[in-house]
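[1] Need coordinates for the below:
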Amino acid sequence: QEFPSPEEKPQFPGASAEFADRLEFIQPNVISGIPVYRVMDRQGHIVSPAEDPQLPKELVLKLYRTMTLLNTMDRILYESQRQGRISFYMTNYGEEGTHVGSAAALDDTDLVFGQYREAGVLMYRGYPLDLFMAQCYGNTSDPGKGRQMPVHYGCRDRHFVTISSPLATQIPQGAPPILMVPPNSSACVSTPTLNPPLPAAVGAAYAIKRADANRAVICYFGEGAASEGDAHAGFNFAATLECPIVFFCRNNGYAISTPTSEQYRGDGIAARGPGYGLMSIRVDGNDVFAVYNATKEARRRAVAENQPFLIEAMTYRGNPVILGRGSPRSQGRGSPGFWGEGSLGSQGRGSPGFLGEGSLILGRGSLGSQGRGSLGFWGEGIPGSQGMGSLGFRGEGSPGSRGGKGASAAPQVMEAFEEAERKPKPNPQFLFSDVYREMPPHLRRQRAALERHLQHYGEHYPLEHFEK
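    You can find the predicted model right below:
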């Protein structure tokens, strides 16, 4: 638009815009939706050879084995929770590709803020099965000494910040000062003055930027968490402070039990990015190569350009979001039935095995033939994620076939499971100790009250299961 003089051009500091002479509201339905980037079609075939990441065979096999191991661990811990062996669990069915595809694209020192459905990222980084099991069982091998809920993993050595229960707090809580410590340092920083009170993941990214550390932060969350006000604060902080962070949203269609149709009216989560000044993309979350490509490029540019990126991975949750709240709920058209009940044969690339009626655990971990819910019916523990066909012919021994490497995951998971069950719980005194450098008075009072209570009523508690 031509203006007769510079004074006629809009000078408003709050937006980049031109004048309009006609009254017109922008209708949300006239703006075309953001496309879904993919590398493979629904059968796992490469659509455009130019987009094939050409990953080495060893890396492809690692992607496959991590997905298989995670899927198998989920099945066994799912059954453990339903049988009362652990109090709580969250499966990752259908979203394994988002975990390993993004994890493979990161540097090992990049800092990870998870929500509660990113166990595969930590598993890809080498976190051992026995510690996964120890955390869920809260036994003496649990680094958190049983004080956290199950699935709330964390590991400083692998740059994975401990998971927090409330939604979206990983985006906007106060950044811990320890994040200023270089990744190869063993120092422990306790002063609270090193970091400004910024959102946690964004604050960490800002600290990394200030330190010029050549690292990035990736922050995972679901589309339900994106409806929290904390998410909006984090997006805005990241954009205005130009932080090297990748926001990774898993849009699986449901926030606990609320479908996206009742959450928002706009075009998903990626469409919000431009409004905050975030570089944004939408990918097929069941396409592990698309996830890898998008995360790799976002991470590269976030570090090189000091700017935030938003990735929305469209996927499907193959099981209830929370186990411990009663029976699985029907999810309508997007249900496991619509996606072929999780069967590898009927889907080709859909969400991995929804358990059906069978049991993976008989007595203390028998893996016999169990009907519809058995490993045999569900492809021997092999996720049905898109790309399994492609991963299969690239690896040795066609791991995607029945009887291949997928079946070997079950025994090692069962071994870690049985070992976790045998170990005692931590001494109840750990409820109060090993948190603060000096125990506060209110905790000392609570500890004394618990000791008195157990002296009088200890016979009513299974104290024999706890370490003396």
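
[2] Show me the domain layout of this structure.
    Taking automatic domain parsing as the reference, the chain has its domains at 36-426, 428-465.

[3] Including mean pLDDT, distance to Asn29 and mean neighbour count, could these go into JSON lines?
    C-beta here means a position set from N, CA and C on the backbone, and glycine is covered the same way. Output for the domains of the chain, formatted as JSON lines (pLDDT from 0 to 100; distance: least, CB to CB, whole Å; neighbours: other CB atoms under 10 Å):
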{"stretch": "domain 36-426", "mean pLDDT": "78", "distance to Asn29": "9", "mean neighbour count": "20"}
{"stretch": "domain 428-465", "mean pLDDT": "94", "distance to Asn29": "52", "mean neighbour count": "11"}
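
[4] what's the closest of the ones you listed to Pro13?
    Of all the domains of the chain, domain 36-426 sits nearest to Pro13, with 13.7 Å by CB to CB.

[5] Work out the gap between that closest one and the centre of the chain.
    Here domain 36-426 is found 3 Å from its chain centre; the criterion is CA atoms, centre = their mean, to the nearest Å.

[6] Look at the nearest residue to Gly144 once chain neighbours are set aside and give its secondary structure.
    The shortest distance from Gly144 to any residue other than its chain neighbours is 6.5 Å, reached at Gln135 (CB to CB, 6 or more residues apart in numbering). Following DSSP: H, G, I helix; E, B strand; the rest coil, Gln135 is assigned to helix.

[7] What's the separation between Gln135 and Leu61?
    Counting by CB to CB, to the nearest Å, the separation of Gln135 from Leu61 is 27 Å.

[8] quick one on the thing from earlier: and the domains of the chain as CSV, adding distance to Phe19?
    CSV is the format used below for the domains of the chain (distance: least, CB to CB, whole Å):
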stretch, distance to Phe19
domain 36-426, 21
domain 428-465, 59
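
[9] May I have stretch 218-229 exported as PDB, CA atoms only?
    Extracted in PDB, the C-alpha atoms of stretch 218-229 (Å, rounded to 0.1, in the frame of the first residue of the first chain):
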ATOM      1  CA  ILE A 218      13.500 -29.100  24.800                       C
ATOM      2  CA  CYS A 219      10.300 -28.900  26.700                       C
ATOM      3  CA  TYR A 220       7.600 -31.600  26.200                       C
ATOM      4  CA  PHE A 221       3.900 -31.200  27.000                       C
ATOM      5  CA  GLY A 222       0.600 -32.300  25.700                       C
ATOM      6  CA  GLU A 223      -2.100 -30.200  24.000                       C
ATOM      7  CA  GLY A 224      -4.100 -30.200  27.300                       C
ATOM      8  CA  ALA A 225      -1.200 -28.600  29.100                       C
ATOM      9  CA  ALA A 226      -1.000 -26.000  26.300                       C
ATOM     10  CA  SER A 227      -4.400 -24.800  27.500                       C
ATOM     11  CA  GLU A 228      -2.900 -23.800  30.900                       C
ATOM     12  CA  GLY A 229      -2.000 -20.200  31.400                       C
END
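
[10] sorry, back to before: Glu18 is nearest to which of the domains of the chain?
    That would be domain 36-426 among those, by CB to CB, at 17.4 Å.

[11] does Leu131 sit in a helix, a strand or a coil?
    Taking three-state DSSP, the label given to Leu131 is helix.

[12] And the contacts of whatever helix or strand Ile281 lives in?
    Using DSSP states H and E, Ile281 sits in strand 279-284. Residues outside strand 279-284 that contact it (CB atoms under 8 Å, 6 or more residues apart in numbering): 34-38, 40, 268, 270-274, 290-291, 294, 298, 301, 307-314, 386.

[13] and the end-to-end length of stretch 130-150?
    By CA to CA, to the nearest Å, the extent of stretch 130-150 from end to end equals 14 Å.

[14] now swap in stretch 31-48 and tell me
    Stretch 31-48 end-to-end distance (CA to CA) = 27 Å.

[15] what's the following helix or strand after the strand holding Ile281?
    helix 288-305.

[16] That next one to strand 279-284, inter-axis angle?
    With axes from the mean of the first three to the mean of the last three CA atoms, to 10 degrees as the basis, helix 288-305 and strand 279-284 are set at 170 degrees to each other.

[17] which stretches of this structure form strands?
    Under the criterion DSSP state E, the chain contains strands at 111-113, 160-161, 217-222, 245-251, 254-255, 258-259, 279-284, 309-314.

[18] And the residue nearest to Gly144, how close does it get to Gly318?
    Counting by CB to CB - Gln135 and Gly318 are separated by 22 Å.

[19] didn't the residue nearest to Gly144 look like it was pressed against Asp142?
    Yes. Between Gln135 and Asp142 there is a contact under CB atoms under 8 Å: 5.0 Å.

[20] before we move on, back to that, of the domains of the chain, which is nearest Gly14?
    domain 36-426 (12.8 Å).

[21] Now do the contacts for Ala231.
    Contacts of Ala231 by CB under 8 Å, 6+ apart are Ala168, Ile171, Pro172, Phe221, Ala225.

[22] Surely Ala420 and Thr140 touch.
    No. The pair Ala420 / Thr140 is not scored as a contact, 10.1 Å apart, by CB under 8 Å.

[23] so what's in contact with the two at the same time?
    With CB under 8 Å, 6+ apart as the test, Ala420 and Thr140 both reach Ala134.

[24] and the gap between the nearest residue to Arg117 once chain neighbours are set aside and Arg317?
    Leaving aside its chain neighbours, Arg117 sits nearest to Asn92 (5.6 Å; criterion: CB to CB, 6+ apart). Going from Asn92 to Arg317 by CB to CB gives 9 Å.

[25] returning to what we had before: got JSON lines for the contacts of Ala231, with distance to Gln412 too?
    JSON lines is the format used below for the contacts of Ala231 (distance: CB to CB, whole Å):
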{"residue": "Ala168", "distance to Gln412": "34"}
{"residue": "Ile171", "distance to Gln412": "35"}
{"residue": "Pro172", "distance to Gln412": "38"}
{"residue": "Phe221", "distance to Gln412": "30"}
{"residue": "Ala225", "distance to Gln412": "32"}
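
[26] any idea how far Asp157 lies from Ala304?
    The gap separating Asp157 from Ala304 is 27 Å, by CB to CB.
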